[in-house]
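> Here is a sequence with its predicted model. Questions after.
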Amino acid sequence: MTILDDFMRGNRRIGIISNGGRPYQIPAHWQPLPSDCAMLVVIPDLHMYVHGSTIDNFKFGAEAMLSFLDHLSELKEELRPQGRGLRIYQIGDLYEQRFPVPLSRSPNVTSEEITTSHPSYSKIVDTIKRLRTHFVYGNHDFEMRHFCKFAALEGKIYLEHGFMPDPWHKFSNPRAALWEPGNFIFKGIREIEDYFGQLAVDANLIEKDAHLAIGVPSGKDERSDYPSEATYPQRQRDYYTKRLLQAAGRGEARISIIGHTHHPYFSATAETLYIDAGCWTTGRSDFVVVTNQEAAICHYHRQ
């Protein structure tokens, strides 16, 4: 199956941003790649939060996500009679940081409160689940860690959220001993930011939805470019490429797909392919498509 004809199908809002705007051709000796499907779609970090909050910038890409899910729904229905259809993964950080004890009227809320904060959010989550999406959890998925996998192997494709480039990886990796205490530290930071942010709103110094949280830039402006490879965190690439090479030597995984960095990246060697799926937040709306013949990082354009 090809990405242009079998996946994009004339949808003008989808653009390929990796490999110079062309699908990467999968070497014949790697095939087959997916195990029980003909096409794999990978959706990276969304960081959904309470709609309108100062740390929610997913809302700027919500319409694009609804349109994208409509595209996937139609595609999955059409592929179903063919036997081996479409499989979808969401690889972590579906929601923004949440903590063990949600506090009323604070920046620390549950996934249910996020989902029900806006009709579009409810529809997005319902549609993602209706499509039977597979989930792995990320460092912002406190609740989901008990219900999702840390990683997944789909045929010869390895999927994980990814943590290696983070200088605070001892705090950001859910498998690290300090991850849970680190959450409480960030909880305090968010509460302080929320308190002083509300004072600034009350004093008419900033708009209600101004983005002042540490590490949470505004997502208002669309970013559909393919960032320079020189700016990509090499520690992440080297770590997962090494793991892939070890696996490929045993005749196993050929492709590694991760997220976490919010930086789309595509690196192919003779034996492996490393893909950072980017994100669907902070102005981006990236995702990955893999078939037995081709692979690409794509961008879904806003209206």
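On my side now, so go ahead.
> Could I get the full set of strands for the stretch 151-300 of the chain?
Assigned by DSSP state E, counting those that start in this stretch, the strands in the stretch 151-300 of the chain fall at 151-154, 157-160, 255-258, 265-268, 273-276, 286-291, 294-300.
> Mind listing the strands the longest one pairs with, and their directions?
Right, the one you point to is strand 294-300. strand 14-16 (antiparallel), strand 24-25 (antiparallel), strand 286-291 (antiparallel) (DSSP bridges).
> For the longest one, the averaged confidence score.
If you average the pLDDT over strand 286-291, you get 98.
> can the strands paired with strand 294-300 go into CSV with extra columns for distance to Ile189 and mean neighbour count?
Quick note: C-beta positions are derived from backbone N, CA and C, even for glycine. Below are the strands paired with strand 294-300 laid out as CSV (distance: least, Cβ to Cβ, whole Å; neighbours: other Cβ atoms under 10 Å):
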stretch, distance to Ile189, mean neighbour count
strand 14-16, 36, 18
strand 24-25, 40, 16
strand 286-291, 27, 26
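> Let me know which of those is the nearest to Val125.
Val125 sits nearest to strand 286-291 of all the strands paired with strand 294-300, at 16.7 Å, using Cβ to Cβ.
> Check the offset of the closest one from the chain's centre.
11 Å (Cα atoms, centre = their mean, to the nearest Å).
> Ok, stretch 218-236 next?
For stretch 218-236 - counting by Cα atoms, centre = their mean - the centre lies 13 Å from the chain centre.
> Extract the C-alpha set from that stretch and format it as CSV.
Listed next in CSV are the C-alpha coordinates belonging to stretch 218-236 (Å, rounded to 0.1, in the frame of the first residue of the first chain):
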residue,chain,number,x,y,z
SER,A,218,1.6,29.0,23.1
GLY,A,219,0.3,26.7,20.3
LYS,A,220,-1.7,29.5,18.5
ASP,A,221,0.7,29.7,15.5
GLU,A,222,0.8,26.7,13.2
ARG,A,223,4.2,25.1,12.8
SER,A,224,4.3,22.9,9.8
ASP,A,225,8.0,23.1,9.0
TYR,A,226,10.5,20.2,9.2
PRO,A,227,13.0,21.5,11.9
SER,A,228,16.7,21.4,11.2
GLU,A,229,18.2,18.0,12.0
ALA,A,230,21.1,19.8,13.7
THR,A,231,18.8,20.9,16.5
TYR,A,232,17.5,17.4,17.2
PRO,A,233,18.6,15.9,20.6
GLN,A,234,21.3,13.4,19.6
ARG,A,235,21.2,11.5,22.8
GLN,A,236,17.7,10.3,21.9
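> buried residues in it?
Going by neighbour count (16 or more other Cβ atoms under 10 Å), the buried part of stretch 218-236 is 219, 226-227, 232-233, 236.
> Need the contact partners of it.
15, 17-18, 57-61, 162, 164-165, 211, 258, 260-261, 263-265, 267, 276, 281-285, 297, 299, 301-302 (Cβ atoms under 8 Å, 6 or more residues apart in numbering).
> from those, which would you call buried?
17-18, 57-61, 162, 164-165, 211, 258, 260-261, 263-265, 267, 276, 281-285, 297, 299, 302.
> And the pLDDT at the closest residue to Trp280 other than its chain neighbours?
Distances taken as Cβ to Cβ, 6 or more residues apart in numbering place Leu46 nearest to Trp280, at 5.0 Å, with adjacent residues excluded. The model reports Leu46 with a pLDDT of 96.
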